[in-house]
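**Q** One predicted model, sequence on top.
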Amino acid sequence: MELYMKRIYLMMPLLLTSFSWQANGASVSGTIDVSINLVQGCVINGNNAVDTASGIGFGSLDFGDVPAIFTEQDAVVNGGSATGIEVLCSNGVTPTFTLGTGLYDGSVAAGSYAMSNGSEYIEYKLFTDSDRNTQ
């Protein structure tokens with residue numbers, strides 16, 4: 001029995017050495033190069049846009065369900081911000097918004113916009129303030 005115990009004690013250091021060798025052999029180290037190039041731009045309704053970007057979707061203008069005899073209806077541009085279009089730009093970038101003519105604007109009074117269902121037009125105006133003072 002004593003001889004058997006000596007063999008076990010002799011084999012234990014050998015087994016422990018082989019386990020620790022496997023653990024050390026699986027270790028790998030290295031480096032990762034990291035870089036970033038910051039350019040001027042804006043975040044529009046939560047989406048990144050570089051300076052001079054174009055063709056950006058600013059949202060939609062939905063007047064909802066309105067009776068055909070309405071005289072006035074308010075709507076806000078739905079574009080990801082609860083208050084309309086949200087723009088945050090880096091230093092040195094001044095956002096410029098230009099509202100061009102739409103497809104049917106020539107069918108209504110000057111300074112107004114129009115939407116159409118084919119043969120009939122509904123006139124609307126766009127304001128930058130809730131008091132409707134600035135178009």
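**A** The structure has been received and is ready for your questions.

**Q** Please make it C-alpha for all contacts and neighbour counts, starting now.
**A** OK.

**Q** which residues does the nearest residue to Val87 once chain neighbours are set aside bridge with?
**A** What sits nearest to Val87 in space, not counting adjacent residues and going by C-alpha to C-alpha, 6 or more residues apart in numbering, is Ile44, at 4.6 Å. Assessed by DSSP bridges, Ile44 has beta-bridge partners Asn47, Val87.

**Q** Would you quantify the distance from Ile44 to Asp33?
**A** Going from Ile44 to Asp33 by C-alpha to C-alpha, to the nearest Å gives 30 Å.

**Q** higher neighbour count, the two?
**A** Just comparing Ile44 and Asp33: by other C-alpha atoms under 10 Å the higher neighbour count belongs to Ile44, 19 against 4.

**Q** ok so, going back, hang on, isn't the residue nearest to Val87 packed against Pro95?
**A** No - here Ile44 lies out of contact with Pro95, judged by C-alpha atoms under 8 Å, at a distance of 10.1 Å.

**Q** what do these two both touch?
**A** Val87 (C-alpha atoms under 8 Å, 6 or more residues apart in numbering).

**Q** Surely Ala49 touches Val43?
**A** Yes - counting by C-alpha under 8 Å, Val43 is a contact partner of Ala49 at 5.9 Å.

**Q** any low-confidence regions in the chain?
**A** Applying pLDDT under 70 to the chain flags residues 1-25, 51, 79-84.

**Q** can you do 50?
**A** 1, 3-4 (pLDDT under 50).

**Q** Can you tell me how far Gln135 is from Phe97?
**A** 12 Å.

**Q** how does this structure divide into domains?
**A** Per the record, the chain has its domains at 37-96, 99-135, by automatic domain parsing.

**Q** can I get the ones you listed in TSV with distance to Val28?
**A** TSV is the format used below for these (distance: least, C-alpha to C-alpha, whole Å):
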stretch	distance to Val28
domain 37-96	30
domain 99-135	58
